[in-house]
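Asker: Return a 3D structure for these sequence lines:
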Amino acid sequence: MGPTLPIATAKFAPLLSAPVGPLEIDGPAIISIGHHRRPTETVSLSVVIPTYNEATNIERLVARIHQTLSVALPGDHEIIVVDDDSPDGTWQIAQSLTPIYPALRVMRRTQERGLSTAVVRGWQAARGTTLAVIDGDLQHPPEILFPLWNKIQSGADLAIASRHVEGGGVSDWSFARRILSRGAQIIGLMLLPEVVGRASDPMSGFFLVRRRAISGVRLNPIGYKILIEVLGRGNFGTIGDVGYVFQERESGGSKVSGKQYFDYLRHLLRLRLARMKASRLLRFGIVGLSGVVVDMSLFYVLRHRTTLPIGLSGGLSAEIAIFNNFAWNELWTFRDFSQSQPGARRRLKRLVKFNMICVAGLAFHLGLLVLLTASGGVNEYAAKLMAIAAATTWNYWINSHLNWRVTEAAETD
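Answerer: Okay, here's the model as predicted:
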C-alpha cells in the first residue's frame, strides 16, 4: 500500500453525484448520474463498498481490493465507495486515496441513509457489466473477489461468498450469535423458501451479480440484507458459491442491532407479499370470508341445537368450511391451475392435499379457541373469529405453493 498523498498537494477525483429516483439498475451502456442518464464506457467489474464510520478501515480495504483486482482484472475494474456522510470523515479519507488508485471513485450521500440503498445507488452509478458488494469493515476478505470472479467467468449469474459451504465459517462468534444467524435463515426459509432456498448463505453481504440479471428490475430493499432483495427480484440461471471465513472486526464498532433483525423480518414479509398475485390473494380472501360465514353459522347451530362440546363443534364447523373453501378456490381462485389439470382423480388429490394442509392451521385454530374460552374471559364467538384470522395466512401461502401451484407441471400418472 502506497503512502497517502498530502491533502494540501493531492488532486482528488471529484465526488460522484448520488443517483436519485427509483432504485432501478440501467443496462450496462447507460448509467444514472444525478437526475440524468447517459451512455458510458463499461468495465468488467464494479465493486461497491457501502460505508458509515469506517475511517479506520477504508484505506486498508481499498488497498487489498486494488491488489486483488490488479491481478485479476488489470485496468478493467472500478471501486466505488458510497458513504452516508460519515461523521468520522470516511468519504474524505476515501477521496484522498483517488490519486493513488485511479480505479477508485467516491460518492457522498447526504439525502439518504441505509446500507442496502447505498449499494443500489452505487450500482446505478457503476460502469460494470458485473456488479459486486463488499462490506467496509474488513470482515469480508477482499481476496475472495478473485474466486468469485472466476465463478462469474464460468457462467454463474450470481456468485456468493458463503459461510456455509466447504471452506466457509465464522471466526469467533458466540453461541447466541450463531443461533440468531441460523434462526434468521430458518425464518427466511419458512416465509420465502423459493428465494432463500436458492442460496447456501442468503444472508451474505459479499457477492457478485451480472448486471443483466437485475437490469430493469425495481428494487425495494429494507435494512442491510441486500442479497435477499436481489434473490427475490432478480432473474438468475446459475448461482455459484465460494467458501470464506467471516472475520471479526479489527477496529470500529459493530452495526448489528435489534432494529436490523426487525428490518430483516419486514423485508421478508414485503417480498412475500410482492410475490403473491394481488388479484388471486383477493379472491382467496373473498372465499375465506364465505368460509367464515359457513363456519360461524354451523358453529352457532351446533352450539345451540346439540350438546356437543365446544372443541368438537368448532372442529366440525371448520371442516365443513374447508370443503366450502376448496370448492370455491378450485372453481375461482385457482381456476387456471385446476383447468390445466382436469379430471376427478386429480381434483380428489387436490382436495386431500388441501385438507391436509389445513389440518395444521385447524389444530392451531382449535387450540387457540379452547385456550381463549377456557378461562371464560373471552366470548366464544369472538374467540372463534380470532382463531379463524390466525389460520388464514398459513392456509393461503402453503396452498398456493404446495397444492394448486405444483399442478402447473404436467403429471405423468
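Asker: Find the residue closest to G167 in space, skipping its chain neighbours.
Answerer: Using C-beta to C-beta, 6 or more residues apart in numbering and skipping the chain neighbours, the partner closest in space to G167 is G243 (2.9 Å). Yep, even glycine has a C-beta here, placed from its N, CA and C like the rest.
Asker: got a list of what that neighbour touches?
Answerer: Taking C-beta atoms under 8 Å, 6 or more residues apart in numbering, we find G243 in contact with 161-163, 165-169.
Asker: Identify the farthest-apart pair in the residues you listed.
Answerer: Greatest spatial distance in the contacts of G243: A161 and E166, 13.0 Å, computed using C-beta to C-beta.
Asker: More neighbours: these two, which one.
Answerer: Legend: neighbour count by other C-beta atoms under 10 Å for A161 and E166, higher for A161 (27 against 9).
Asker: The residue nearest to L265 when sequence neighbours are not counted - how many residues pack around it?
Answerer: Nearest residue to L265, sequence neighbours excluded (C-beta to C-beta, 6+ apart): I187, at 7.1 Å. A count of nearby residues for I187, using other C-beta under 10 Å, gives 15.
Asker: any idea of the mean pLDDT for whatever helix or strand I187 lives in?
Answerer: Element membership for I187, per DSSP states H and E: helix 175-191. In this model, helix 175-191 has a mean pLDDT of 70.
Asker: And the next helix or strand past that helix?
Answerer: Past helix 175-191, the next helix or strand by DSSP H and E is helix 193-196.
Asker: Now the element after that following helix, going C-ward?
Answerer: Immediately after helix 193-196, counting by DSSP H and E, sits strand 207-210.
Asker: what residues does whichever helix or strand comes after that next one touch?
Answerer: Sequence order places helix 211-214 as the next helix or strand after strand 207-210, per DSSP H and E. Outside helix 211-214, the residues that touch it by C-beta under 8 Å, 6+ apart are 25, 27-28, 123, 128-131, 157-158, 230, 233-236.
Asker: Ramachandran angles for the nearest residue in space to A126 that is not next to it in sequence?
Answerer: Spatial nearest neighbour of A126, excluding adjacent residues (C-beta to C-beta, 6+ apart): S46 at 3.5 Å. Per-residue torsions, S46: phi -120, psi 120 (degrees, to the nearest 10).
Asker: what does the one 3 residues further on give?
Answerer: With angles defined as degrees, to the nearest 10, I49 sits at phi -120, psi 100.
Asker: That one contacts D84, doesn't it?
Answerer: No. I49 lies out of contact with D84 (C-beta atoms under 8 Å); the separation is 11.9 Å.
Asker: more crowded one of the two?
Answerer: Neighbours were counted for I49 and for D84 using other C-beta under 10 Å; I49 has more, 30 against 21.
Asker: in the protein, which residue is closest to the centre?
Answerer: I228 (2.3 Å; C-alpha atoms, centre = their mean).
Asker: any idea which element that residue lies in?
Answerer: Using DSSP H and E, I228 sits within helix 226-233.
Asker: Give the other helices and strands that that helix contacts.
Answerer: When contacts are defined as 3 or more C-beta pairs under 8 Å, 6 or more residues apart in numbering; DSSP states H and E, helix 226-233 sits against helix 115-125, strand 158-162, helix 193-196, strand 207-210, helix 258-275.
Asker: Mind exporting the C-alpha coordinates of the helix or strand following that helix to PDB?
Answerer: Using DSSP H and E, the next helix or strand after helix 226-233 towards the C-terminus is strand 239-243. Output of strand 239-243 as PDB, limited to C-alpha atoms (Å, rounded to 0.1, in the frame of the first residue of the first chain):
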ATOM      1  CA  ILE A 239     -25.800 -19.400  -8.700                       C
ATOM      2  CA  GLY A 240     -22.300 -20.200  -7.500                       C
ATOM      3  CA  ASP A 241     -20.800 -20.300  -4.000                       C
ATOM      4  CA  VAL A 242     -17.300 -19.700  -2.700                       C
ATOM      5  CA  GLY A 243     -16.500 -20.500   0.900                       C
END
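Asker: Give the pairing partners of strand 239-243; include direction for each.
Answerer: Note on strand 239-243: by DSSP bridges, its sheet partners are strand 158-162 (parallel).
Asker: Next, the angle helix 226-233 makes with the partner strand.
Answerer: On the basis of axes from the mean of the first three to the mean of the last three C-alpha atoms, to 10 degrees, strand 158-162 is oriented at 140 degrees to helix 226-233.
Asker: Whichever helix or strand comes after strand 158-162 packs against which elements?
Answerer: Remark: after strand 158-162, the chain's next helix or strand is strand 169-170, criterion DSSP H and E. Counting contacts by 3+ C-beta pairs under 8 Å, 6+ apart, strand 169-170 packs against strand 245-246.
Asker: From the contacts of helix 211-214, pick the one nearest G314.
Answerer: For the contacts of helix 211-214, the nearest to G314 is R233 (40.9 Å; C-beta to C-beta).
Asker: Let me see the contact set for the closest one.
Answerer: 214, 217-220, 271, 274.
Asker: can you pull the pLDDT of the residue nearest to the centre of the chain?
Answerer: 89.
Asker: my read: it touches R266, true?
Answerer: No. Using C-beta under 8 Å, I228 is not in contact with R266; the gap is 11.1 Å.
Asker: What count of nearby residues applies to Y52?
Answerer: 22.
Asker: Sorry, slip of the keys, the one I care about is R178.
Answerer: R178, neighbours per other C-beta under 10 Å, totals 11.
Asker: isn't it right up against V170?
Answerer: Yes. Judged on C-beta under 8 Å, R178 makes contact with V170 at a distance of 7.1 Å.
Asker: For E112, see how far away the residue nearest to G167 is.
Answerer: For G243, the distance to E112 equals 33 Å [C-beta to C-beta, to the nearest Å].
Asker: residue contacts, the closest residue to F334 other than its chain neighbours?
Answerer: Leaving aside its chain neighbours, F334 sits nearest to W404 (3.8 Å; criterion: C-beta to C-beta, 6+ apart). By C-beta under 8 Å, 6+ apart, W404 lies in contact with 329, 334, 337-338, 350.
Asker: Of all those, the one with the weakest confidence?
Answerer: F337 (83).
Asker: rewinding a little: of the contacts of G243, the lowest pLDDT goes to which?
Answerer: G169 (83).
Asker: Confirm for me that that residue is in contact with R163.
Answerer: Yes. If you go by C-beta under 8 Å, G169 and R163 touch, sitting 5.9 Å apart.
Asker: what touches both of these two?
Answerer: In contact with both G169 and R163: 243, 245-246, using C-beta under 8 Å, 6+ apart.
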